[in-house]
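A.B. asks: Quick check, what structure comes out for this input:
(one chain, ligands or ions: 2)
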Amino acid sequence: MQTPLIDPFARAISYLRVSVTDRCDFRCAYCMTEHMTFLPKAELLTLEELDRLCSAFVGMGVQKLRITGGEPLVRKGIMTFFEAMARHLQTGALKELTLTTNGSQLRKYAAELAACGVKRINVSLDTLDPAKFAEITRWGRLPQVLDGIEAAKAAGMQVKINAVALKGFNESELFSLADWCAREGHDLTFIEVMPMGEMGDVGRLDQYWPLKDLRATLATRFTLLDLPDSTGGPARYVRLAETGQRIGFITPLTHNFCESCNRVRLTCTGELYMCLGQEDMADLRAPLRASAQNIDLQTAIRAAIARKPKGHDFDYSRQAIKGQMSRHMSHTGG
Ligand code: SAM
Ligand code: SF4
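C.D. replies: Ligands and ions are numbered 1, 2, ... in the order given. Model prediction:
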């Protein structure tokens, strides 16, 4: 084990999010344009290269890996990558292997994921209305996702639902989403829509539903008990006194929690983003491919962590978007 990764603000980097593909079988309106141009396949790291890179991070103190995308489960052969990461769980070097998915392929893969040691997954689901689901995902179908969630539960995995808070879209479903999650035993986290990537004619400010407003609406029916943070991540949680249910809020816009950020993000081409909301990145593909030894790679990782910025600059105040990123969420991995 190497010296742990510590950034200039004394934050220990113990969490790596890995986007294994930029492709997806959905086209969510806040994430992608309908006719996205994806990277040529030759640009992508192979699954063996992703294994080597992630293993290098684990050797440098990363204890939690979240696999994301694009839609991670549409990458061909992805289970061999999960199997490879499972060996780090077995040695104890890795404490948690998790996944963020749109759920479309869960029926097919849930049992294999569970066998690889995946205990908890995040499924993105913004609405329980089949017509609205088809509208927001453009290509997705709700029954397939609900069936995938059932399969994940049956395989013994804990499912957390992530919903992007979208003004005029799922505002009216706040209580029905919360009730459904309570019945099904899922934690639920709401996310503020972030200015990631150009969306053509979809207006970000029109989509933005500040979570302080959502929280105030929730408080009209429930007593919200603030929970202490346990993840070091950007989510803050409350427990609903009446049902015992846990609800999370990811509020990069109304309140950021960058001071406790413990994570970095690797794209499917080997770019390391030290912050979701900054353009600076380090190319790890070149040192990875330059040598079969990991020395140059480790040096490049340390140099990147030494540049991790204090935080993002997202801001929608005064009805203008600040901190807009040129890349889409599916590139960096949400
Ligand atoms: N395809 C998988 C999924 O949808 O869960 C994983 C990748 S997706 C980019 C990860 C998360 O990012 C999803 O929960 C999605 O809702 C969220 N997301 C995408 N674009 C976003 C944006 N502009 N602002 C906030 N969240 C966004
Ligand atoms: Fe695909 Fe996830 Fe983006 Fe939706 S949010 S388009 S499912 S990558």
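A.B. asks: What parts of the protein come near ligand 2?
C.D. replies: Proximity of the chain to ligand 2 (CB under 6 Å from any ligand atom) is limited to residues 24, 26-28, 31-32, 69-71, 102, 124, 329-330. Backbone N, C-alpha and C define where each C-beta goes, glycine included.
A.B. asks: Among these, which one is most surrounded by other residues?
C.D. replies: In terms of neighbours by other CB atoms under 10 Å, those top out with G70 at 29 neighbours.
A.B. asks: Now that residue: which helix or strand?
C.D. replies: Following DSSP states H and E, there is no helix or strand that holds G70.
A.B. asks: other SSEs contacting the longest strand seen in the chain?
C.D. replies: Determined from DSSP state E, the single longest strand within the chain is strand 158-165. On a contact count with 3 or more CB pairs under 8 Å, 6 or more residues apart in numbering; DSSP states H and E, strand 158-165 meets strand 120-124, helix 142-154, helix 174-184, strand 187-192.
A.B. asks: Go again with 7 Å.
C.D. replies: On a contact count with 3 or more CB pairs under 7 Å, 6 or more residues apart in numbering; DSSP states H and E, strand 158-165 meets strand 120-124, helix 142-154, strand 187-192.
A.B. asks: quick one on the thing from earlier: distance to A178 added to the residues of the chain next to ligand 2, as JSON lines?
C.D. replies: Output for these, formatted as JSON lines (distance: CB to CB, whole Å):
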{"residue": "C24", "distance to A178": "27"}
{"residue": "F26", "distance to A178": "23"}
{"residue": "R27", "distance to A178": "27"}
{"residue": "C28", "distance to A178": "21"}
{"residue": "C31", "distance to A178": "23"}
{"residue": "M32", "distance to A178": "27"}
{"residue": "G69", "distance to A178": "27"}
{"residue": "G70", "distance to A178": "28"}
{"residue": "E71", "distance to A178": "26"}
{"residue": "N102", "distance to A178": "21"}
{"residue": "S124", "distance to A178": "16"}
{"residue": "M329", "distance to A178": "24"}
{"residue": "S330", "distance to A178": "27"}
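A.B. asks: pLDDT score for E34?
C.D. replies: What the model reports for E34 is a pLDDT of 87.
A.B. asks: Sorry, wrong one. I was asking about L45.
C.D. replies: So, for L45, pLDDT stands at 97.
A.B. asks: What of H328?
C.D. replies: We have a pLDDT of 65 for H328.
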